[in-house]
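Participant: Prediction below, plus the sequence it came from.
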Amino acid sequence: ADALRASLLTGNAPGNDMRFYWEKVESERNFANKVWNATRFIMMNLDKADASAAALLEDAGLCGTADEADRRRREGRKDDSVGKAMEKLQLTIEDKWILSRLNKLTETVTRNMESFELGIALDNVTGFIWDEYCDWYIEMVKPRLYSETDETKTAALWTLKTVLINALKLLHPFMPFITEEIFTNIQDREASIMISAYPEVREEWNFTEEEGRVESVKEAVRAIRNVRSEMNVPPSKKASVYVVSASDKVLETFGATKNVFATLCGAGEVFCQKDKAGIPDNAV
């Protein structure tokens, strides 16, 4: 039902006749599977969280219960639970990047809905969840989740869960069944996604600088993947990658994301330096 509903909205403008394609329904079914598998991955890692991490995640919260949120709104009090959570968690550059992207998505989709651009709104939500959240962010945080010593693992879990819940709320008008099922299983602070608070743009999630820095890392990863593909380098083959730049800011960016960068581009080791000293002559 969700796949059919979404397929009738995707790529269609109001007032236009449309053709029915099974391929579109199958594509939306595949997207629903993608969301389902991402949820299973998050819940599996939440179950593995140790007692201290679990306590911090619970304390960090996800805006409290629906009744508490309604009471705060009626009394004109600002909900600062998310802000307090961010103070306790060691958010990394990639965490800030996805929160900033979620902020922009919320603003864009809200504007689309208010203008009755339903197909465009769904395309924006789908693109964010499939590309930025699943294909990029989840892959970025895997090294942190699989490490026993990484102190930012709790921040990764909180960000994964927070972004997914907000993305589900934006997706809910288009895919109501799967989003309700996931929402009621991944959190217990709100009884139903249908009566939960709609996502709002948060000033504390505007990380313009971090967003730009991660986008530059993504661009480099794409370039390296293209080179590996053109040269038929198998995924199992790990290469040494040298980041050469006279800019301290560029070197700082790649230094801060070295583990993420190495994982995404299939590198065995990453060197950040200001010149080409020590780089083999046969390097690509």
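Facilitator: Noted; the coordinates are in hand.
Participant: any idea which helix or strand carries Val243?
Facilitator: Assessed by DSSP states H and E, Val243 sits inside strand 239-244.
Participant: following that strand, which helix or strand comes up?
Facilitator: Immediately after strand 239-244, counting by DSSP H and E, sits helix 248-256.
Participant: Need the CA coordinates for the strand or helix carrying Leu164. CSV is fine.
Facilitator: Secondary structure assigned from DSSP H and E places Leu164 in helix 153-171. C-alpha atoms of helix 153-171 as CSV (Å, rounded to 0.1, in the frame of the first residue of the first chain):
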residue,chain,number,x,y,z
LYS,A,153,29.8,6.0,19.7
THR,A,154,26.9,7.3,21.8
ALA,A,155,26.8,10.6,19.8
ALA,A,156,26.6,8.5,16.6
LEU,A,157,23.7,6.4,18.0
TRP,A,158,21.8,9.5,19.2
THR,A,159,22.3,11.2,15.8
LEU,A,160,21.2,8.1,13.9
LYS,A,161,18.0,7.8,15.9
THR,A,162,17.2,11.5,16.0
VAL,A,163,17.6,12.0,12.3
LEU,A,164,15.7,8.8,11.4
ILE,A,165,12.7,9.8,13.6
ASN,A,166,12.5,13.2,12.1
ALA,A,167,12.8,11.8,8.6
LEU,A,168,10.0,9.3,9.3
LYS,A,169,7.7,12.2,10.3
LEU,A,170,8.4,14.0,7.0
LEU,A,171,7.9,10.7,5.1
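Participant: helices or strands up against the helix or strand just after it?
Facilitator: Read in the C-terminal direction, the helix or strand following helix 153-171 is helix 176-186, with elements assigned using DSSP H and E. When contacts are defined as 3 or more C-beta pairs under 8 Å, 6 or more residues apart in numbering; DSSP states H and E, helix 176-186 sits against helix 2-9, helix 22-48, helix 153-171. All C-beta atoms are positioned from the backbone trio N, CA, C, and that covers glycine.
Participant: mind running it again at 7 Å?
Facilitator: In terms of contacts (3 or more C-beta pairs under 7 Å, 6 or more residues apart in numbering; DSSP states H and E), helix 176-186 is packed against helix 22-48, helix 153-171.
Participant: got JSON lines for those, with mean pLDDT, mean neighbour count and distance to Leu8 too?
Facilitator: As requested, the helices and strands packed on helix 176-186 are arranged in JSON lines below (pLDDT from 0 to 100; neighbours: other C-beta atoms under 10 Å; distance: least, C-beta to C-beta, whole Å):
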{"stretch": "helix 22-48", "mean pLDDT": "94", "mean neighbour count": "15", "distance to Leu8": "8"}
{"stretch": "helix 153-171", "mean pLDDT": "93", "mean neighbour count": "23", "distance to Leu8": "15"}
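Participant: would you turn those helices into CSV with distance to Ile120?
Facilitator: Shown next, in CSV, are those (distance: least, C-beta to C-beta, whole Å):
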stretch, distance to Ile120
helix 22-48, 16
helix 153-171, 13
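Participant: Quick one: closest of the ones you listed to Glu107.
Facilitator: The minimum distance between Glu107 and the helices and strands packed on helix 176-186 falls on helix 153-171, with 10.9 Å, by C-beta to C-beta.
Participant: what's in contact with the closest one?
Facilitator: By C-beta atoms under 7 Å, 6 or more residues apart in numbering, the list of residues contacting helix 153-171 from outside reads 38-39, 42, 45-46, 49, 53, 56-57, 60, 62, 85, 89-92, 95, 98-99, 102, 105-106, 109, 125, 128-129, 133, 141, 144-145, 147, 179, 182-183, 186-187, 193, 196, 198-199.
Participant: switch to 6 Å and redo it
Facilitator: Contacts of helix 153-171 from elsewhere in the structure, counted by C-beta atoms under 6 Å, 6 or more residues apart in numbering, are 42, 53, 56-57, 60, 89-91, 95, 98, 102, 109, 125, 129, 141, 144-145, 179, 183, 199.
Participant: Got the phi and psi for the spatially most central residue of the chain?
Facilitator: For the chain, the residue sitting closest to the mean C-alpha position, by C-alpha atoms, centre = their mean, is Tyr133 at 2.9 Å. Phi and psi for Tyr133, reported as degrees, to the nearest 10, are phi -80, psi -50.
Participant: quick revisit: compute the inter-axis angle for the strand holding Val243 and helix 248-256.
Facilitator: Here strand 239-244 runs at 160 degrees with respect to helix 248-256, directions being taken by axes from the mean of the first three to the mean of the last three C-alpha atoms, to 10 degrees.
Participant: Quick one, which of the helices and strands packed on helix 176-186 gets closest to Asn232.
Facilitator: For Asn232, the closest of these is helix 22-48, at 27.9 Å, according to C-beta to C-beta.
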